[in-house]
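[1] build me a model from this:
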Amino acid sequence: MKNTNYLFLLLLTNFISCENSIKEKELALKEKELELKEKELSLKEGKTTFSLTTRDAVKLAEKQFENYLPKILKSHEAILDGQESFTGDFTGDGVEDIVIYFILAPNSGGNAIVGQGLSLYQNTGNEVKVVAGFDPNYLFSFNRISNGSINIEKLEYDEDDGRCCPSIKTNIKLKLIGNKIYEEIQ
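    A predicted model of the protein is given here:
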């Protein structure tokens, strides 16, 4: 008798568990249907609710940079020696923007740096657009994006420094105002 009761309880528990699982799946499906209907309605009304992921925004910015790169290379008679994308909100709108840091080397070879810079892309949530470029006449390293500014470190040589190793380092904040970049020494 005890085995029969135990078996009955086990079957009942399993049935309830399956029932809950089915209800959860039905609820998730209904939520997705509502979400699709909301998107349809907003498209009919001319509203766009499309929102880029940060990863997609970076890909779009990198594609735009790829199209701009030949102009940079030609103007510096250089090849691309390094490129890295960083994200953070430098426009103050609460959306992760993109900075592409790049280093250029001479066409003729060697390990000299003939240029470096930043390309700044604003992520509006629906599109990515280039807003500014930063191409200083000094060496620098990229640090981070925080509190609405881009932080870099300006690198300068002391008279005893080897070409590999500038020892004078100055922290600089870059602020985007409109489509211009302003430098603020820390």
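
[2] per-residue confidence for residue 66?
    pLDDT recorded at residue 66 is 96.

[3] one more: residue 79?
    pLDDT, residue 79: 95.

[4] contacting residues for it?
    Going by CB atoms under 8 Å, 6 or more residues apart in numbering, residue 79 touches 73, 104, 105, 106, 107. In this view, the C-beta of every residue, glycine as well, is placed from N, C-alpha and C.

[5] are any of those residues buried, and which?
    Buried members of those, scored by 16 or more other CB atoms under 10 Å, are 73, 104, 105, 106.

[6] so which of those residues sit within helices?
    residue 73 (DSSP state H).

[7] just the buried ones among the contacts of residue 79: which are in strands?
    104, 105, 106 (DSSP state E).

[8] can you tell me the element the residue nearest to residue 139 when sequence neighbours are not counted falls in?
    Nearest non-adjacent residue to residue 139, counting by CB to CB, 6 or more residues apart in numbering: residue 155, 4.2 Å away. Per DSSP states H and E, residue 155 falls inside strand 149-156.

[9] and that strand, which strands flank it?
    Here strand 149-156 has these sheet partners by DSSP bridges: strand 139-146 (antiparallel), strand 168-177 (antiparallel).

[10] re the thing from before, same list, the ones in strands among the buried ones among the contacts of residue 79, but as CSV with pLDDT and distance to residue 177 please.
    As requested, those are exported to CSV (pLDDT from 0 to 100; distance: CB to CB, whole Å):
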residue, pLDDT, distance to residue 177
104, 96, 27
105, 95, 32
106, 94, 34
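
[11] one step back: pLDDT score for the residue nearest to residue 139?
    Predicted confidence (pLDDT) for residue 155: 96.

[12] number of nearby residues for it?
    For residue 155, the count of nearby residues is 16 (other CB atoms under 10 Å).

[13] low-confidence stretches in the chain?
    Under the criterion pLDDT under 70, the flagged ranges of the chain are 1-21, 27-50.

[14] can I get stretch 129-139 in CSV? Just the C-alpha atoms.
    Output in CSV follows, covering the C-alpha atoms of stretch 129-139 (Å, rounded to 0.1, in the frame of the first residue of the first chain):
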residue,chain,number,x,y,z
LYS,A,129,28.0,57.5,-36.8
VAL,A,130,31.5,59.0,-36.8
VAL,A,131,31.6,62.2,-34.7
ALA,A,132,35.3,63.1,-34.5
GLY,A,133,38.8,62.0,-35.0
PHE,A,134,41.9,62.6,-32.9
ASP,A,135,45.3,62.6,-34.6
PRO,A,136,47.8,64.4,-32.3
ASN,A,137,51.4,65.2,-33.1
TYR,A,138,52.6,63.3,-30.1
LEU,A,139,52.7,59.6,-29.0
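
[15] with that, I have no additional questions.
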